[in-house]
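Visitor: I would like to see how this sequence folds:
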Amino acid sequence: MIDRLRWRGHDVSRLEGFRDTVFAVALTLLVVALEVPHDYEKLMQLMMGFPAFACCFALLIWIWAQHNTFFRRYGLQDAYTMTLNAALLFVVLLYVYPLKFMFDSMFAHFLPTGMQSSPMQPYQLANASAVYAGGFIALFVVFALLYHHAYASREKLALSELEVFDARTAIGHQVISMSVGILSLLIAAFAPLQLAPLSPTVFFLLGPGHWIYGARSGRRRRELEERLAGEAVAVDDIAVP
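Guide: Coordinates of the predicted model:
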């Protein structure tokens, strides 16, 4: 049996502790309300804001999980990794409010969320979508650079052939996320204003894109596992007198 992952980071480092603090602050900034409602109407308005909060929460947990997996897997602590990590955390904090704004605006069309602002004009939606897409792209550019750094450090980390394959696959997943963000940004920046609602909508392509890529890379990984397992059996047979 070939292990899928080999963990090189075991104890929580100060870098990871700082990451957890930043994500905790980001989640705090997403809280629907800062005080307990004191009447029924305010309670209902508060509850109507929870779908947007749930989406923001899920997206931040996804980013946190990717960050955690990277450092558990490779345990890199060099200056370049720390610089990329700082850039990622900076983007997370910078884009907390644009993230919340976009999901609040989306759910305001379907739920009585109590938002007082009027619907965005097409040019406003285009600009807001461009801001959101820019932050999304930046996040996954950093993730791609982190995994590329791990791949470039494969000899120092003594990565197995499977682990090298996994690093390349992870880079591909980041490129898919970046590509969807770039498509959203291009629509927001250059498409006619009447097409502005398509800009945030294209993020629904993330699911199919990652599923198709994951299915293809998973098939290739199984083939690699079978080949390596066959080679290991052949070596064992030769070793047995």
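
Visitor: domain parsing for this structure?
Guide: 11-63+77-119, 122-241 (automatic domain parsing).

Visitor: nearest to Phe70, of these?
Guide: domain 122-241 (5.7 Å; C-beta to C-beta). (C-beta placed from N, C-alpha, C; glycine too.)

Visitor: For the lengthiest helix in the chain, name the packing helices and strands.
Guide: When the chain is parsed with DSSP state H, its longest helix is helix 206-239. Helix 206-239 sits against helix 161-190, with contacts defined as 3 or more C-beta pairs under 8 Å, 6 or more residues apart in numbering; DSSP states H and E.

Visitor: what packs against whichever helix or strand comes after the helix it packs on?
Guide: Downstream of helix 161-190, the next assigned helix or strand under DSSP states H and E is helix 198-201. Packing partners of helix 198-201 (3+ C-beta pairs under 8 Å, 6+ apart): helix 122-152, helix 161-190.

Visitor: what's the next secondary structure element after the first one?
Guide: Sequence-wise, the next helix or strand beyond helix 122-152 is helix 154-157, with elements assigned using DSSP H and E.

Visitor: before we move on, which element is the residue most central in space within the chain in?
Guide: Central residue of the chain (C-alpha atoms, centre = their mean): Ile63, 3.9 Å from the mean position. Per DSSP H and E: Ile63 is located in helix 50-74.

Visitor: Would you mind getting the angle between that helix and helix 206-239?
Guide: With axes from the mean of the first three to the mean of the last three C-alpha atoms, to 10 degrees applied, the angle from helix 50-74 to helix 206-239 works out at 20 degrees.

Visitor: Let me see the mean pLDDT of helix 50-74.
Guide: The average pLDDT for helix 50-74 rounds to 87.

Visitor: for that helix, packing partners?
Guide: Short answer (3+ C-beta pairs under 8 Å, 6+ apart): helix 50-74 packs on helix 14-29, helix 79-94, helix 96-108, helix 122-152.

Visitor: Show me what the first one is in contact with.
Guide: The reference is to helix 14-29. For helix 14-29, contacts defined as C-beta atoms under 8 Å, 6 or more residues apart in numbering pick out 9, 12, 57, 60, 63-64, 67-68, 71, 77, 82, 85, 89, 92-93, 96-97, 100.

Visitor: residues of the helix holding Ile63 that come out buried?
Guide: Neighbour counts over helix 50-74 (16 or more other C-beta atoms under 10 Å) mark 51-53, 55-56, 59-60, 63-64, 66-68, 70-74 as buried.

Visitor: distance between that helix and the chain's centre?
Guide: Chain-centre distance of helix 50-74: 6 Å, with C-alpha atoms, centre = their mean, to the nearest Å.

Visitor: what's the neighbour count on Leu76?
Guide: Neighbour count for Leu76, taken as other C-beta atoms under 10 Å: 21.

Visitor: Least confident of the domains of the chain, on average?
Guide: Among the domains of the chain, domain 11-63+77-119 carries the lowest mean pLDDT, a mean of 78.

Visitor: okay, the helices and strands packed on helix 198-201 in JSON lines with mean neighbour count and distance to Ala26 next?
Guide: Output for these, formatted as JSON lines (neighbours: other C-beta atoms under 10 Å; distance: least, C-beta to C-beta, whole Å):
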{"stretch": "helix 122-152", "mean neighbour count": "20", "distance to Ala26": "12"}
{"stretch": "helix 161-190", "mean neighbour count": "18", "distance to Ala26": "18"}
